[in-house]
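Undergrad: all I have is the shape, not the residue letters:
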């Protein structure tokens, strides 16, 4: 549209030069004004919001980060602004990946790397994110268009390629190891890889890349009947990799494409995919910003609203050579890990002994002894009118059972056994 | 922009009439063409996809409903197309309500009623749905703009009003009882009300309206620290209403607005709100299309990925008069409910005895007796190469404990007691 407008303005200019009739000139000036108004309206529709240099916690309507910085005040996250330093790669920009990308973009993530080779179709409209007017665009282009409008602060890199081809895999690997965004970071060039693909072949490729690079990643998936899904954290050497406990279709070596039938497609729902994307990015935020418990595996059964969790240890007979290498390294690094954990615990114990937990006490909260006068202090008149306690008082506090800490020396024999098992392969 | 373009075209027309120089006329014709191209480009950006008369299950890229209709083939939903008959009202088009509206729109819901009085701000950009270029629009207008582009098949009604005012409540009630969309439906004019508001005052108003109209609704909420949320199903008379077990702030009669402090805002995350919206609309789909288990209460603790569930019975001492009326009706209708449940069970038993469960057996599945030759039939060579069973065979099947069915006659005394308790109020 920009080109058409420019041509129109040029034509008006040349017409104006060759005309002398004052009434005609007035009409041309009027048209010029209309054309400029159209240009302004068109522009206001594309440059949506300006970049923000620093994240501010100021509570004003014009601050796109106030509700996120409030996580610090609420005591959930220590330093929210660190999110700008992180790079996350999302493989597969479909029903889960596109929503995950939008969530991270709205959270103000530093850098997003997007990988897909598919195009937007009307058949995708039953899931969130893509819009009908984007039909025909590549998913990567459409995603960059929408995400850059939502938050221009996020650095977007898009790769329109298939990671399961030889050339695609090479580009995938080199993009993951590029450190120009954070030259000082250790490990690869990204902080996390999110797998949001819809087939096992691509998952095995992400698994291979992450095992080779010793890169932590998260897996996600939604079932063909659209009513269940899962997310999974994979830390090379520490947790099971995708090849450690492969799905039957992978283990049997069947080409999964031969299983598809003409005229049959998988079902999908914006609800299930939105929930899985939400759980995936929540786990990502917890992992990057260090709050809450990062889930190792979390399932979602929509029919029963059931959310199973589990842990999967690496398989010493894993078929993936890079996985076995990572397992060896993990076992060898155990003494170092134990020493670091002990030093941290000692430091925390020391600091807790020296400083009160809440030095400022903004809300003037003080602890009252339950046994002060033998009566129930909960009924001392602090409840608002009309409210009474429904439950009995002074439930006895249940002491946790004695737990025995296993020292690093105790399982040295076990460690040696594991290492020997791995070397035997 | 349309107005400006029209004026420009008019001006060109009148200029053309009063000019005779052929080179000038050629230039004007050229400008006319440019202006028309701009009009076409502008239009192609607004009419995104045409309406679809019937939902088709055909697997082609151009079918926006193929992945939803596939739910029938997968055996999840019996008649997906029924979704076009349903009306859902969403109160509050914020971080949860807007995403719920988008999910229902993409699912092809028949009719959506949207209520909000707020405007879009940059401070809302950390949640899904609204875009920076919509800042300053009312949330209802912005939602209608986006939703009608996504799916023109959905009938959208928007109400820019505050339901907690006297006039707002009147309009709210009359909109809920308007049956012009489905004149033959019983009850009110909507199938479900979704409460997606951020304060208790509005929740109490939705509760009042739904108790008066005997309207089933679902409640949703996200905590101020952004890391937990819940959804809840409320069936007047059958489950607890919002006043049966009120939150402390409601029960104590404190004006919650006095609790807010200058310069402090609630935290929010697109992840938590996306998950809550997803769970809410999933429960909505299960309720409307009759599949899976509809959850009565489902919590979400993001820090621990913990999802508590519970049931809440109505409170015979509830402060809401309409709730007490609905409780009485529910108790009185118990014999009718029991008879209907018995008739249904009898019918199902009869039909199961007459017909095989799977008459077509498309996949040629047959049942083999485990005890056929006393050996383990699971190791009979059907596994692909390289795969072995990890678990021992023939785990003994655990018989469910004997359960005693309580007949309608057994608890007649209890029923009478409950009714008397209600009448005593």
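TA: All right, it came through fine. Worth saying up front: this structure is predicted, and the values here are computed from it rather than measured.
Undergrad: can you give me the strands in the stretch 101-250 of chain A?
TA: Along the stretch 101-250 of chain A, the stretches classed as strands by DSSP state E, counting those that start in this stretch are A:111-116, A:155-160, A:192-195, A:217-222, A:228-234.
Undergrad: okay, now residue A:412: neighbour count?
TA: By the measure other Cβ atoms under 10 Å in any protein chain shown, the count of residues near residue A:412 is 12. From N, CA and C alone the C-beta is placed, and that goes for glycine too.
Undergrad: from residue B:175, how far out is it?
TA: Distance, residue A:412 to residue B:175, by Cβ to Cβ, to the nearest Å: 72 Å.
Undergrad: mind checking the SS state of residue A:295?
TA: Here residue A:295 is recorded as coil under DSSP: H, G, I helix; E, B strand; the rest coil.
Undergrad: surely it meets residue B:305?
TA: Yes. Under the criterion of Cβ atoms under 8 Å, residue A:295 makes contact with residue B:305 at 4.7 Å.
Undergrad: higher neighbour count, these two?
TA: Shown here are residue A:295 and residue B:305; by other Cβ under 10 Å, residue A:295 has more neighbours (24 against 21).
Undergrad: for stretch A:9-27, the averaged confidence score.
TA: For stretch A:9-27, the mean pLDDT works out to 85.
Undergrad: pLDDT weak spots in chain A?
TA: A:1-2, A:41-48, A:355-359, A:369-411, A:425 (pLDDT under 70).
Undergrad: nearest residue to the middle of chain A?
TA: In chain A, the centroid-proximal residue (Cα atoms, centre = their mean) is residue A:281; its distance is 3.3 Å.
Undergrad: identify the contacts common to residue A:295 and residue B:305.
TA: Listed contacts common to residue A:295 and residue B:305 are A:279, A:283, A:309; contacts here mean Cβ atoms under 8 Å, 6 or more residues apart in numbering or on different chains.
Undergrad: ok, and the most crowded of these?
TA: residue A:279 (29 neighbours).
Undergrad: run through the bridge partners of the closest residue to it other than its chain neighbours.
TA: Nearest residue to residue A:279, sequence neighbours excluded (Cβ to Cβ, 6 or more residues apart in numbering or on different chains): residue A:231, at 5.3 Å. Applying DSSP bridges to residue A:231 gives these bridge partners: residue A:220, residue A:298.
Undergrad: residue A:231: how many residues sit nearby?
TA: When neighbours are defined as other Cβ under 10 Å, residue A:231 has 27 of them.
Undergrad: check residue A:280 too.
TA: Neighbours of residue A:280 using other Cβ under 10 Å come to 30.
Undergrad: list the contacts for it?
TA: A:96, A:100, A:194, A:196, A:218, A:220, A:231.
Undergrad: how about residue A:268?
TA: A:95, A:126-127, A:222, A:226, B:67-68, B:70.
Undergrad: cool, and residue A:220?
TA: So residue A:220 contacts A:96, A:100, A:194-196, A:229-232, A:276-277, A:280 (Cβ under 8 Å, 6+ apart).
Undergrad: for those, which one is nearest residue B:266?
TA: residue A:277 (22.6 Å; Cβ to Cβ).
Undergrad: ok and the helix or strand hosting that closest one relative to strand A:228-234, angle-wise?
TA: Counting by DSSP states H and E, the element that carries residue A:277 is helix A:270-289. Counting by axes from the mean of the first three to the mean of the last three Cα atoms, to 10 degrees, helix A:270-289 lies at 20 degrees to strand A:228-234.
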